[in-house]
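**Q** Following is a predicted model, sequence given first.
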Amino acid sequence: MSELNNIVIKILGSGKGILAADESTGTMTKRLDGVGVPSTPENRLLFRETLFCSSEMKNCIGGVILYDETIKQTSSKKNKIPELIEGMGSCAGIKVDTGAKVLAGSPNEKITEGLDGLRDRLKEYYKLGAKFTKWRGVYNISKDFPSKLSIQSNAHALARYSALVQECNMVPIVEPEVLMDGDHSAKECFQKTSEVIKKCFEELILHKVDLKGVILKPNMILAGNKSKEKISNEEVAKLTLDCLKSSVPSEVPGIAFLSGGQSELEATENLNLINKLNKTGFIMSYSYGRALQQGALKFWSKNIKDIGGTQKVFNHRAKMNTLAAQGKWSKEIESQ
C-alpha cells in the first residue's frame, strides 16, 4: 500500500470519521453569534480545543479538518494544534481553497478559487503537520443548473488541487457538494450528483492523481429542502449507494459524506442505513461539521467553562456516528 493510502485508512478505518472544524472566521462568527458568544480568536480556539481533547477523539475521529487560523494556533497546554490532534490519535488536515466566487460566464453559479500560490501554501501546511487537505466545489440544482461550464470548471480545479496536494505527500479530500437548497426532487439530485462526480474523476485521472490516495466527500442523495417530494431514509441510502457505485472508480478507498444541512440525527440515521446496505468495496464514513458540533456548541454556549459537559455531548455524537459508519447504530442506542 502507498503512504497516501495508509493515511486514508488511518483516517477512515474501523468506523472512524472526520471532524470538519474548518469553518472560516466569518462562518464561525455567525455560529457563535447565534448562541450569544463573542467571536474572538480565544473563544474560537477554546471551543475547538474542547472538542479536540474529548475522550472519544481516540476511538471515533481519524482526521480533523482545520482552518488557516487554527492550524497556526497554540493550545492551552502550549503545544501546536496539529500536535494536540496527533496526540489524540488523529490526523490534522487543512482546508486550502479560498472560497466559492461568481463563475464568469454563468453569474448564478460558483467556482472555487485558491489555486494561485497553492504549491507554496501546501509546503507550509505540510511543515505545520498537515497530513491531508480539503477543497470544496459547490453546485446548485435548478432547471438549468449545474451547467456544463460549472461542472467542468469545478472538476478541473478539484483535479489541479489534488495533483498539487499529492505532489506534497498529503491526501486530498475531493468535495463536490451538490447543494440541497431548492425544490428539486431526489431523482434530479441523483442525476446531477452522478454527472458532477463522474466529471470530477475524469479530470482526476487526466491529471494523473493516484485514486488510492484520495478521499471523496460527496453529498447524500436528498430531495431539495423546499421540495414537496420528500423520500424515506431507506430511499436516501439506496439512491446514494446506487449513485456512488455507478460514478466512483473502485480504486478509491474511502468516501466520507458531508452532512449538508441535515440535522444531527438525520445525518447519523442515513449514514447507518447506507452502511447496512453497503456491498461495495468503499469505506463509507462521515466528514461532519454541524452534524458533529451543533449540540456541543449549544451546550458550551450556556457556560463556556463547562469543558466536561461539552465534551460529554460531543463524545455521544461522535460515538453515534462511528456506530453508524459500521451499520451498528439504532434509535435505542441513541437514547441510552
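**A** That came in fine, so what should we check first? Numbering: from 1, shown residues only.

**Q** Can you tell me what sits against the helix or strand where residue 244 lies?
**A** Secondary structure assigned from DSSP states H and E places residue 244 in helix 233-247. Helix 233-247 is contacted by residues 186, 190, 193-194, 197-198, 201, 218, 220-222, 231, 255, 257, 266, 269-270, 273-274, 276-278, 280, 282 when judged by CB atoms under 8 Å, 6 or more residues apart in numbering. Yep, even glycine has a C-beta here, placed from its N, CA and C like the rest.

**Q** now do stretch 298-307
**A** Outside stretch 298-307, the residues that reach it (CB under 8 Å, 6+ apart) are 32, 35-37, 43, 46-47, 50, 53, 309-310, 313.

**Q** chain center to it, what's the gap?
**A** Offset of stretch 298-307 from its chain centre (CA atoms, centre = their mean, to the nearest Å): 25 Å.

**Q** do stretch 96-110 as well
**A** 20 Å.

**Q** Where does pLDDT dip in the stretch 201-336 of the chain?
**A** Within the stretch 201-336 of the chain, not a single segment meets pLDDT under 70.

**Q** ok, which stretches of it are strands?
**A** 215-216, 254-257, 283-288 (DSSP state E, counting those that start in this stretch).

**Q** Do a quick rundown of the strands in the stretch 51-200 of the chain.
**A** Along the stretch 51-200 of the chain, counting by DSSP E, counting those that start in this stretch, strands occupy 61-66, 91-95, 100-103, 106-112, 132-139, 171-178.

**Q** Adding mean pLDDT, write the ones you listed out as a markdown table.
**A** Below are the strands of the stretch 51-200 of the chain laid out as a markdown table (pLDDT from 0 to 100):
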| stretch | mean pLDDT |
| --- | --- |
| strand 61-66 | 98 |
| strand 91-95 | 98 |
| strand 100-103 | 98 |
| strand 106-112 | 98 |
| strand 132-139 | 98 |
| strand 171-178 | 98 |
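
**Q** would you turn the ones you listed into a markdown table with mean neighbour count and distance to residue 240?
**A** Output for these, formatted as a markdown table (neighbours: other CB atoms under 10 Å; distance: least, CB to CB, whole Å):
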| stretch | mean neighbour count | distance to residue 240 |
| --- | --- | --- |
| strand 61-66 | 28 | 21 |
| strand 91-95 | 27 | 23 |
| strand 100-103 | 14 | 23 |
| strand 106-112 | 17 | 23 |
| strand 132-139 | 24 | 16 |
| strand 171-178 | 27 | 12 |
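
**Q** what's the closest of these to residue 248?
**A** Closest to residue 248 of the strands of the stretch 51-200 of the chain is strand 171-178 (CB to CB; 10.3 Å).

**Q** I'd like the strands of the stretch 201-336 of the chain as TSV, with mean neighbour count appended.
**A** Formatted as TSV, those follow (neighbours: other CB atoms under 10 Å):
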stretch	mean neighbour count
strand 215-216	26
strand 254-257	24
strand 283-288	27
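
**Q** Of all these, which one comes closest to residue 248?
**A** Using CB to CB, these put strand 215-216 closest to residue 248, at 6.2 Å.

**Q** Residue 281: neighbour count?
**A** Per other CB atoms under 10 Å, the neighbour tally for residue 281 reads 9.

**Q** Kindly apply the preceding question to residue 68 instead.
**A** Neighbours of residue 68 under the rule other CB under 10 Å: 17.

**Q** dump the residue contacts of it.
**A** 94-95 are the contacts of residue 68 under CB under 8 Å, 6+ apart.

**Q** circling back to that earlier point, can you give me the buried ones in the helix holding residue 244?
**A** Judged by neighbour count using 16 or more other CB atoms under 10 Å, the buried positions of helix 233-247 are 236-241, 243-244, 247.
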